[in-house]
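# Below is the structure, and that's it, no one-letter string:
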């Protein structure tokens, strides 16, 4: 048998875990661009999710989160774990999502797109948002109510009214761009947020920011930014648009802090 050397540890300084919905066709593609850094190891796991998005199907994921989290490596410490669903994080609650993940990975920081949106808006100094939502009203209403309660209201919204995840992933970039640009014309809107990790909004971040002159945020972008900042990555991330140049400045009571 040939002699060999065993390294004391793996070479990646920042180790991130990501829980991806079974139906999501977009988030991994975006994270490959956002986290294309040789110091980052990104580990994915999938969670069973329904093809149709309703408050009830979102609630069903609660029982599955610990099992999905358990499929992430546990013999190499993960700094941060992201749960990749904006609407489920809203329906289940940010603190509950963090508790479920940390029942398996107690030493990891936990975030989700809703917590990440709040942190991103705080870091950018904006609080009056425009919303692009692909979903039906019963799903969108919950997100709007949560942001209103948090003091970061959606003062204008465009809702595409879709229920099927397969359709959401195929909403054309032009439709996303036009909806964002229309919202940006409202003088009360300080920044635009496109909700849903399956929506391909990250592909038009720079284009929309150039055309509107306002920050453009979306679920995968804010989640990637929040995860990297929580992991201690402070360098500028140009792929994230304006958000990539700012540092973390958490609002009081952030969900990942509640369970630390």
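The structure has been received and is ready for your questions. Please read these numbers as outputs of a predicted model, since none were measured by experiment.
# ok, residues contacting stretch 203-210?
30, 173, 176-177, 180-181, 184, 192, 215-216, 218, 221, 239-242 (CB atoms under 8 Å, 6 or more residues apart in numbering). Using the backbone N, CA and C atoms, a C-beta is placed for each residue, glycine as well.
# Please, a ChimeraX command that selects the buried ones among those?
Buried residues among the contacts of stretch 203-210 (16 or more other CB atoms under 10 Å), as a ChimeraX selection:
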select :30,176,177,180,181,184,192,215,216,218,221,239,240,241,242
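# Sitting in helices, which of the contacts of stretch 203-210 do you find?
30, 173, 176, 177, 180, 181, 184, 221 (DSSP state H).
# Nearest to residue 197, out of the residues you listed: which one, please.
residue 30 (8.2 Å; CB to CB).
# re the thing from before, nearest to residue 128 among the contacts of stretch 203-210?
For the contacts of stretch 203-210, the nearest to residue 128 is residue 192 (10.7 Å; CB to CB).
# Quick one: residues contacting the closest one.
Residue 192 touches 129-132, 180, 183-184, 208, 212, 214-217, counting by CB under 8 Å, 6+ apart.
# mind listing what's buried in stretch 166-185?
Result for stretch 166-185 [16+ other CB under 10 Å]: buried residues 168, 169, 171, 176, 177, 179, 180, 181, 182, 183, 184.
# Can you lay out these as TSV showing distance to residue 231?
As requested, the buried residues of stretch 166-185 are exported to TSV (distance: CB to CB, whole Å):
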residue	distance to residue 231
168	28
169	27
171	30
176	28
177	31
179	32
180	29
181	33
182	36
183	31
184	31
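# Tell me which two in those residues are the farthest apart.
169 and 184 (24.0 Å).
# For residue 153, state which of the buried residues of stretch 166-185 is nearest.
residue 183 (13.4 Å).
# Secondary structure element for the closest residue to residue 189 other than its chain neighbours, which one?
Computed as CB to CB, 6 or more residues apart in numbering, the closest residue to residue 189 that is not its neighbour in sequence is residue 130, at 4.0 Å. Assessed by DSSP states H and E, residue 130 sits inside strand 129-135.
# Tell me which other helices or strands that strand touches.
helix 137-149, strand 154-162, helix 165-168, helix 173-184, strand 191-194 (3 or more CB pairs under 8 Å, 6 or more residues apart in numbering; DSSP states H and E).
# for the fourth one, packing partners?
Yep, that's helix 173-184 we're talking about. So helix 173-184, by 3+ CB pairs under 8 Å, 6+ apart, packs with strand 129-135, strand 154-162, strand 191-194, helix 205-212.
# Need those in CSV (columns: distance to residue 92 and mean pLDDT).
Converted to CSV, the helices and strands packed on helix 173-184 look like this (distance: least, CB to CB, whole Å; pLDDT from 0 to 100):
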stretch, distance to residue 92, mean pLDDT
strand 129-135, 16, 96
strand 154-162, 20, 96
strand 191-194, 19, 98
helix 205-212, 27, 98
